[in-house]
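[1] Coordinates for the following, if possible.
(chains A and B)
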Amino acid sequence: MPALPSLPIDVVLPELLAALQHSSSVVLQAPTGAGKTTRVPPAILDAGLAESGQILLLEPRRLAARAAARRMAFERGVTLGEEVGYQVRFDQRCTRQTRLLAITDGILLRRLQDDPFLESVSVILFDEFHERSLNLDLTLAMARRVQQTVRPDLKLIVMSATLAAGPVAKYLGDCPIITSEGRLHPVEIRYRPAITSQPVVDQVVSAVDDLLISTPGNLLVFLPGVREIQQAGDRLGTLAEQAKAIVLPLYGDLSPEQQDRVLSPQTQRKIVLATNVAETSVTIDGVTGVIDSGQVRQMQFDPGLGLDRLVLTKISQASSDQRAGRAGRTQPGVCLRLWMEREQRGLAADTEPEIRRVDLAGPVLELLCWGESDITAFPWFEAPRPEAVAQAISLLTSLGAIKDGQPTDIGRQMVQLPVHPRLARLLIEGHRNGVSDRAAWMAALLTERDPFERADYARKSGSLGPAHYSFSDVLDRVQALEEFTARGRTDTTAGRLHPGAARFLQQAQQQLLRLVNSDRPTSANTRPRSTQPKQGWERDEAVLKALLTAFPDRVARRREPLNRKGVMVGGRGIRLADSSLVLQPELFLCVDTDAGQGEIFVRQASGIERDWLPANQVEVTIDVTFDSTQEKIVAQRRTRYFDLILDESATTPPSGSNVSDVLAEAALKNLDRAIPWDDPAVSSVITRVRCLKTWLPDCGLPAFDDSTLENLLPSLCSGCRSFADLHRAPWAAALRASLTYQQQQFLDREAPERIQVPSGSQITVHYEPERSPILAVRIQELFGLKETPRIAAGRIPVVLHLLGPNYRPQQITDDLKSFWNNTYPEVRKELKRRYPKHSWPEDPWSATPENKGGRRA
DNA sequence: GAGCACTGC
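    This is a model prediction of the structure:
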């Protein structure tokens, strides 16, 4: 057993162990260098506090987990992988008997899904809690939940360097706080008068000049991004040469070899220009001078938009202290802050934790599958923004992962896959389409670090002709990687590949492929539809369609042929990056995006065909309006996917037409276009209509809140005694075809239990000023209804679009009656002419429900 | 003209 050097933490270990005897949780506050990571877990083991269970040490990074395990094994004089071990993605050295296990937070999440009460675990230590990563917040809250409900014996220890310990201790039931000294050398803090007009890069040059003189060691400069690092590097050239120092850039996208070069000892003084990697992930030896730009680029999720954006912000006080501390690791140092002392107090005390900033689709699905039914009531350490939770639920719903707020079979399969729910959906759909290998490539590419070189002028489409245009940037990259694995080619059409990064990606692809292929099919709709191997375009199409299911809300339409500008679902303008070659398809997915202030910038796009869009989400609307200024009727027909207009046309019927004629014409066009006669799903019309029937039994009225059916429904209903009458009509098919996705969702969700409409209901018709000219009328008057239905106010407003401002209710009834009596026979005649094989009953109400809307047998 | 840092059975 080697003699161990004494560390500051050793002093407080007895106090910590004593506290754990009577408290199930403890917060340990100890600065960097105190030795908490490697000394606390063995002390707990040796004190017998874990009894026969496992001690888990949670580390934020794989590297840290491995290093901690190695160090603990060394200090105990045992072989790594037996009593002491580690488990991280792609690598593990542990057995079932391992008592002290260092893991990453992702591994704990997986364990929580498989073993919700963590039955073999006695103690969990959350290291570096001040980093407040999303997974750390999530796993702490889940562990606390377990402790409070079923495992009062589970011990939780939160270890943190800088975080104010009070709030965590309070969260853990007012548990004891133990504080340890650190081993940092003093760091002199200097501020600069703000010269706000001067760019950060200029200030860095003069600051480096200062510190080269006033400190002896290496310098570390914190800058917000790669661009600033390159600019500063260019500017520091001569200065560094004079001082015989070397300038070294350091950021996460550098290859490991380049990073090692920065970290390895050099004969010359080093000036390291770094991003935030140097704040948490790596330590550079011999730094005595830190220059802090005070800036950082952070990912922020915009719940309104449903997209991430990268924003340049000021750092927090906690972060500035952390950065300054980097100057005092080996000897006293200096930190030069490029802002004024009085500005320091204006900085946020702590960095906004990740859980307040990012997309929560993954965590929300984790919790739902774990058995939490109400995410908003979940006892988080710090609650996420309610809008972000709502956005997550809506995305998960549109991905089919949850329904009625509860996980579906597909959702439960998705949670098993270690990727964002979108990509999990892509994997499952790819598997169903018989192209799981390619779907796995796509998911790996969209999750892991980009393996293609950044400066990629070869792929600037400006210099390339139509022969080089592509249908999908994403598929191009997949093909490049397939070529790399088959033939080792790094020089691909999608750009130059880093071989190391590409091999790592292949590892991830293989892992995902294994997971998705090995999944026990839990229901029929997750099994492959066909086992026939696909080739060529059929194979491409299969995976591109799967991609659409992962990004249903990211469909965009090009403004003009070959143009880089487009509009995305939600109405935002988008612009394709120069490196995108997707210039031909009119519709495409915005797969890799960066939301700026104005347009959304799209780095990778992927074309889609119009008929890939799910039929129940494509909505055909015909608005018939009366333009009172010109005294003309105008009929406008629109096809939409959500709010994205796919095509539209407006016609002005010949003067003298009345609303009924236009309506009849519109109805025919609508039918013609919207009913997929040969689609077996048309039979489900009856199902939908039965739903309607149960919750509007006697009302005699349909209830919809958008414009799709209003042109048809009033006419239909005017002849009906009840909705049961309606669903026997061939028109029922049109009804189903015209239901929007949202309406179907609404029906699936609300009907039939929650809404009851008593007989003789009153329904108010809402006036929509922006859809002028529309007259607000009361259906109560129109249909002589007596009671008010028990439905949420405004939930089911009915809008009649066809009415000009001068219409009176009596005229409306007359108009509708005349449509039914005079025009419908004509419509039926026309239907017979166009669809001679269908049986169109003379009396539409006499057909049985089993008639399936007149569908061909 | 547009790229912080991590991470996953």
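[2] Got phi/psi on the residue in the stretch 351-500 of chain A positioned nearest to DNA strand B?
    Across the stretch 351-500 of chain A, no residue is closer to DNA strand B than A:Pro418, which sits at 3.5 Å (Cβ to the nearest atom of the strand). In this view, the C-beta of every residue, glycine as well, is placed from N, C-alpha and C. In terms of degrees, to the nearest 10, the main-chain angles of A:Pro418 are phi -80, psi 50.
[3] Quick check: it touching A:Thr104?
    No - A:Pro418 lies out of contact with A:Thr104 (Cβ atoms under 8 Å); the separation is 11.1 Å.
[4] who touches A:Gln406 in this structure?
    A:Gln406 sits next to A:368, A:373 when contact means Cβ atoms under 8 Å, 6 or more residues apart in numbering.
[5] any idea of the pLDDT on it?
    Looking at A:Gln406, its pLDDT stands at 86.
[6] What distance do you get for it to A:Leu417?
    19 Å (Cβ to Cβ, to the nearest Å).
[7] What number of residues are in the vicinity of A:Pro561?
    Close neighbours of A:Pro561, defined as other Cβ atoms under 10 Å, add up to 8.
[8] Repeat that for A:Gln331.
    Other residues close to A:Gln331 by other Cβ under 10 Å number 14.
[9] again with A:Leu250
    For A:Leu250, using other Cβ under 10 Å, the count is 23.
[10] shaky segments in chain A?
    A:1-2, A:163, A:194-197, A:454-465, A:519-533, A:620-633, A:635, A:653-857 (pLDDT under 70).
[11] can you list the domains in it?
    Split into domains by automatic domain parsing, chain A comes to A:8-179, A:187-352, A:358-416, A:417-523+A:534-612, A:672-854.
[12] end-to-end on the third one?
    It stands for domain A:358-416. From its first residue to its last, domain A:358-416 covers 21 Å (Cα to Cα, to the nearest Å).
[13] Next up, the contacts around the residue of the stretch 551-700 of chain A found nearest DNA strand B.
    Taking Cβ to the nearest atom of the strand as the measure, the stretch 551-700 of chain A has A:Gly596 as its residue closest to DNA strand B, at 3.5 Å. Counting by Cβ under 8 Å, 6+ apart, A:Gly596 touches A:Arg309.
[14] How far off centre is stretch A:79-86?
    Using Cα atoms, centre = their mean, to the nearest Å, the mean C-alpha position of stretch A:79-86 is found 37 Å from that of the whole chain.
[15] got the contact list for it?
    A:65-66, A:68-70, A:72-73, A:76, A:78, A:92-95, A:97-103.
[16] secondary structure class for A:Leu108?
    Judged by DSSP: H, G, I helix; E, B strand; the rest coil, the three-state class of A:Leu108 is helix.
[17] hang on, the earlier thing: quick check: neighbours shared by A:Pro418 and A:Thr104?
    Contacts common to A:Pro418 and A:Thr104, judged by Cβ under 8 Å, 6+ apart, are A:Arg89.
[18] now the residue positioned nearest the centre of chain A: how far from A:Leu589?
    Residue closest to the average C-alpha location in chain A (Cα atoms, centre = their mean): A:Asp359, at 4.9 Å. Counting by Cβ to Cβ, the gap from A:Asp359 to A:Leu589 is 17 Å.
[19] Ok, A:Ala43 next?
    Where A:Leu589 is concerned, A:Ala43 sits at a distance of 53 Å (Cβ to Cβ).
[20] of those two, who's got more company?
    A:Leu589 (26 against 16).
[21] Contacts only, for the more buried one.
    Contacts of A:Leu589 by Cβ under 8 Å, 6+ apart are A:547-548, A:551, A:554-556, A:605-608.
[22] related to what we said a few turns ago, quick check: closest non-adjacent residue to the residue of the stretch 351-500 of chain A closest to DNA strand B.
    Sequence neighbours aside, A:Gly106 is the residue nearest to A:Pro418 in space, at 6.7 Å (criterion: Cβ to Cβ, 6 or more residues apart in numbering).
[23] Tell me, how many residues neighbour that neighbour?
    When neighbours are defined as other Cβ under 10 Å, A:Gly106 has 14 of them.
[24] A:Glu119 too?
    By the criterion of other Cβ under 10 Å, A:Glu119 has 12 neighbours.
[25] Distance-wise, check it relative to A:Gln54.
    Taking Cβ to Cβ as the measure, A:Glu119 falls 10 Å from A:Gln54.
[26] Can I get stretch A:108-122 in CSV? Just the C-alpha atoms.
    The C-alpha trace of stretch A:108-122 is given here as CSV (Å, rounded to 0.1, in the frame of the first residue of the first chain):
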residue,chain,number,x,y,z
LEU,A,108,-27.1,6.3,-14.1
LEU,A,109,-30.0,7.4,-16.1
ARG,A,110,-30.1,4.1,-18.0
ARG,A,111,-29.8,2.2,-14.6
LEU,A,112,-32.7,4.2,-13.3
GLN,A,113,-34.9,3.1,-16.2
ASP,A,114,-33.9,-0.6,-15.7
ASP,A,115,-33.9,-0.6,-11.9
PRO,A,116,-36.1,2.3,-10.8
PHE,A,117,-35.3,1.9,-7.1
LEU,A,118,-31.6,1.3,-7.5
GLU,A,119,-31.8,-1.7,-5.3
SER,A,120,-28.1,-2.7,-5.4
VAL,A,121,-27.0,0.8,-4.6
SER,A,122,-26.3,2.2,-1.1
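[27] Show me which residues of it are buried.
    Counting neighbours by 16 or more other Cβ atoms under 10 Å, one finds that the buried residues in stretch A:108-122 are A:108-112, A:118, A:121-122.
[28] who touches it?
    Taking Cβ under 8 Å, 6+ apart as the rule, stretch A:108-122 contacts A:49-56, A:58, A:124, A:135, A:138-139, A:142-143, A:146, A:150-151, A:153-155, A:366, A:369-371, A:415-416, A:418.
[29] give me that answer again for 6 Å
    A:50-51, A:53-54, A:56, A:139, A:142, A:146, A:150-151 (Cβ atoms under 6 Å, 6 or more residues apart in numbering).
[30] ok, of the residues you listed, which one's closest to DNA strand B?
    DNA strand B lies nearest to A:Thr139 out of the contacts of stretch A:108-122, by Cβ to the nearest atom of the strand, at 11.0 Å.
[31] Excluding covalently adjacent residues, which one is nearest to the closest one?
    A:Leu108 (4.9 Å).
[32] Tell me the residues of the stretch 451-600 of chain A that contact DNA strand B?
    Contact residues, the stretch 451-600 of chain A versus DNA strand B (Cβ under 7 Å from any atom of the strand): A:454, A:511, A:514-515, A:518, A:575, A:577-578, A:592, A:594, A:596, A:598-599.
[33] meant to ask about the stretch 301-450 of chain A
    Counting by Cβ under 7 Å from any atom of the strand, the residues of the stretch 301-450 of chain A that sit close to DNA strand B are A:310, A:362, A:366, A:416, A:418-420, A:447-450.
[34] Let's see that with 6 Å instead.
    A:310, A:362, A:418-420, A:447, A:450 (Cβ under 6 Å from any atom of the strand).
[35] ok, and the most crowded of the residues you listed?
    Most surrounded of these: other Cβ under 10 Å gives A:Gly362, at 24 neighbours.
[36] Give me the distance between that residue and A:Leu581.
    31 Å.
[37] same deal with A:Gly488?
    With Cβ to Cβ as the criterion, A:Gly488 and A:Leu581 are 24 Å apart.
[38] for the domains of chain A, which one sits closest to A:Ser649?
    domain A:672-854 (11.2 Å; Cβ to Cβ).
[39] So what's the gap between stretch A:569-584 and the chain middle?
    The mean C-alpha position of stretch A:569-584 is separated from the chain mean by 19 Å, Cα atoms, centre = their mean.
[40] and if you look at stretch A:646-655?
    Using Cα atoms, centre = their mean, the offset of stretch A:646-655 from its chain centre is 39 Å.
[41] now swap in stretch A:109-127 and tell me
    25 Å.
[42] first vs last residue of that stretch, how far apart are they?
    By Cα to Cα, the extent of stretch A:109-127 from end to end equals 15 Å.
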